[in-house]
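Visitor: got a sequence here, can you model it:
(chains A and B)
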Amino acid sequence: MIPLRLDELIQGIIKGDRRSVSRAISIVENEQVSFNAKKIVKEIYQYTGRAHIVGITGPPGIGKSTMIGNLSAMLSDIGRKVSVVAIDASSPFTGGSLLGNRIRMQESLTRHGIFMRSLANRGLKGGLSRSIWDTVKILDASGSDIIIVETVGAGQADLDVVNLAETVLMVLGPGLGDEIQAIKAGIMEIGSLFVINKMDLPGAFIAQKDIEETLAMSPRGEWKPPVVGVNSLTREGYEDLIKEIDRHGKFVKKSSDLSFRKFRTELEITIDEELRSRFHQEIMGFLTDSEKIRSLMEKRTDPYSAAESLINSIA
Amino acid sequence: MEAGKNQSLFKGKPIKILLAKPGIDGHDRGILVLAKAFRDAGMEVIYVGLLPTPEEVVDTAVNEDVDAIALSLLNGAHMTVFKKVADLMKSRGVNDIAVIGGGTIPEADKPKLEKMGISGNYGPGTPISTIIEHITSRAAEMRKLKAMEE
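Guide: Prediction:
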């Protein structure tokens, strides 16, 4: 049976009970900033910080989900406890979503008993969902060694994963553009590792070389991002990929800069939300006088002056 | 279905539903049409693909913490396979996920499926709005069961 009391649920998470973990994720997803959601995170926080958080990002259709299927199976084989979270886009019109990542990795998940959760981004831009920070903490506290987070298929500016993951895999492939594309800002700046998928296709070696050259032109301090070519059909190159992920994991655990930046970003988001939820009632209070609003509209008052007038008349 | 119905219950917490065709059956046109219709009705839809085992279906439903599982079979194996899913749920003590059936299901089997806790059991030609309404009301029941005690 699933625990219905919060303290039992929290104990369940720490013991690694699947159903407690799964229900806790629903609570942080559906009831953000609620008493229950906050209490879960507060209580489990001391058990977090152990797992290696790996973000996988890249354009839609490049093979991120398939790659996670292969990676999670191979990591399980060498004795790691893997958890996977994959984010897909919600429709901005209906709020609905088709969470299709699972289908590409189902076989590995079943064979190795890997916990995997699909989340919809629920309107958040940037490639993540708001609940992902808390979700990762729950999986961390439940005893995962490695947590793989798949972002929404990313464009050039969906870079938020860099604030969540310790290691970011930027997955690219042949046919995405020539060296001019590779110089573009954004995606080239956030990868800790660059993975060229579909190495069996023509143009893949050229893509790999382009990325390597671009990276060589802009050294970024101590860590030099490697470029790994893989073939997801044969799993060629995956052993190198795992080696590089581990190497970066070790490197990053030593860096206090990254932990500080991550913690600060999360604080920023949390403060924003906390204040929003506190002031939500008050903001709505300014919007109750429909007659006043209508008269402002009919007088063609601009929104800034209208907002000032409403706030001043009440406050 | 009336637009915006039940918005207060599901606002910000969309219904999460798992679509599955357990057993040996490749007729997936129906379930793909439904997947799109449910998405357009504002649900978060997970489809596990063809040929999942009943164990896979129940595992996935639990890990994803869905409100409902919608099973579809057009090969006549529903009395075996749907039952297996219902039995697994019972033996694992999962009582807060609704199981809803569909496909080519003879009238005579419907009461038997209902008895196992599998509701709906819609056949070809059912208006999609009927199915969505049914899912919405079952999901609302499940959300009540999922409410945490302080």
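Visitor: quick one: name the residues of chain A near chain B.
Guide: Contact residues (Cβ under 8 Å from any Cβ of the partner chain) of chain A with chain B: A:1-2, A:4-6, A:9, A:18-19, A:22-23, A:25-27, A:29-31, A:36, A:90-91, A:94-100, A:102-103, A:106, A:110, A:115-118, A:120, A:122. Every C-beta, even on glycine, is put in place using the N, C-alpha and C of the backbone.
Visitor: ok, of these, which come out buried?
Guide: Taking 16 or more other Cβ atoms under 10 Å in any protein chain shown as the criterion, what is buried in those is A:2, A:6, A:9, A:19, A:22-23, A:25-27, A:29-31, A:36, A:90, A:95-100, A:102-103, A:106, A:110, A:115-118, A:120, A:122.
Visitor: give me the subset of the residues you listed lying in strands.
Guide: Under the assignment DSSP state E, these contribute A:97-99, A:115-118, A:120 to strands.
Visitor: from these, pick the one nearest residue B:72.
Guide: Nearest to residue B:72 out of those is residue A:98 (Cβ to Cβ; 15.9 Å).
Visitor: quick one, strands of the stretch 151-300 of chain A?
Guide: Listed in chain order, the strands of the stretch 151-300 of chain A (DSSP state E, counting those that start in this stretch) span A:167-172, A:193-196, A:227-229.
Visitor: residue A:261 and residue B:56, how far apart?
Guide: Relative to residue B:56, residue A:261 is positioned 39 Å away (Cβ to Cβ, to the nearest Å).
Visitor: ditto for residue A:196
Guide: The value you get for residue A:196 to residue B:56, if Cβ to Cβ is used, is 32 Å.
Visitor: got the residues of chain B near chain A?
Guide: Close to chain A, as judged by Cβ under 8 Å from any Cβ, chain B has residues B:12-14, B:35-36, B:38-49, B:52-53, B:56, B:59-60, B:62-65, B:93-94, B:96, B:146-150.
Visitor: please, a PyMOL command that selects the buried ones among those?
Guide: Buried residues within the residues of chain B next to chain A, by 16+ other Cβ under 10 Å, are selected in PyMOL with:
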select buried, chain B and resi 14+35+38+39+40+41+42+43+44+45+46+47+48+49+52+53+56+59+60+62+63+64+65+94+96+146+148
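Visitor: give me whichever of the strands of the stretch 151-300 of chain A is most buried.
Guide: Scoring the strands of the stretch 151-300 of chain A by mean neighbour count under mean count of other Cβ atoms under 10 Å in any protein chain shown gives strand A:193-196 as the most buried, with a mean of 27.
Visitor: can you list the strands that that one pairs with?
Guide: Note on strand A:193-196: by DSSP bridges, its sheet partners are strand A:167-172 (parallel), strand A:227-229 (parallel).
Visitor: let me have those strands in a markdown table, extended by distance to residue A:86 and mean pLDDT.
Guide: Shown next, in a markdown table, are the strands paired with strand A:193-196 (distance: least, Cβ to Cβ, whole Å; pLDDT from 0 to 100):
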| stretch | distance to residue A:86 | mean pLDDT |
| --- | --- | --- |
| strand A:167-172 | 13 | 93 |
| strand A:227-229 | 21 | 95 |
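Visitor: farthest-apart pair in the ones in strands among the buried ones among the residues of chain A next to chain B, please.
Guide: Within those, two members stand farthest from each other by Cβ to Cβ: A:98 and A:115, at 21.2 Å.
Visitor: ok, and the closest non-adjacent residue to residue A:197?
Guide: residue A:63 (4.3 Å; Cβ to Cβ, 6 or more residues apart in numbering or on different chains).
Visitor: got a list of what that neighbour touches?
Guide: A:171, A:173, A:197-198, A:232 (Cβ atoms under 8 Å, 6 or more residues apart in numbering or on different chains).
Visitor: which stretches of chain B form helices?
Guide: B:7-10, B:29-40, B:54-64, B:78-91, B:110-115, B:128-146 (DSSP state H).
Visitor: tell me how far the residue nearest to residue A:197 lies from residue A:291.
Guide: Distance from residue A:63 to residue A:291, by Cβ to Cβ: 57 Å.
Visitor: residue nearest the centroid of the chain?
Guide: Picked chain A for this. residue A:128 (4.3 Å; Cα atoms, centre = their mean).
Visitor: phi and psi next, for whatever residue of the stretch 51-200 of chain A ends up closest to chain B.
Guide: Residue of the stretch 51-200 of chain A nearest chain B, by Cβ to the nearest Cβ: residue A:96 (3.9 Å). Per-residue torsions, residue A:96: phi -80, psi 170 (degrees, to the nearest 10).
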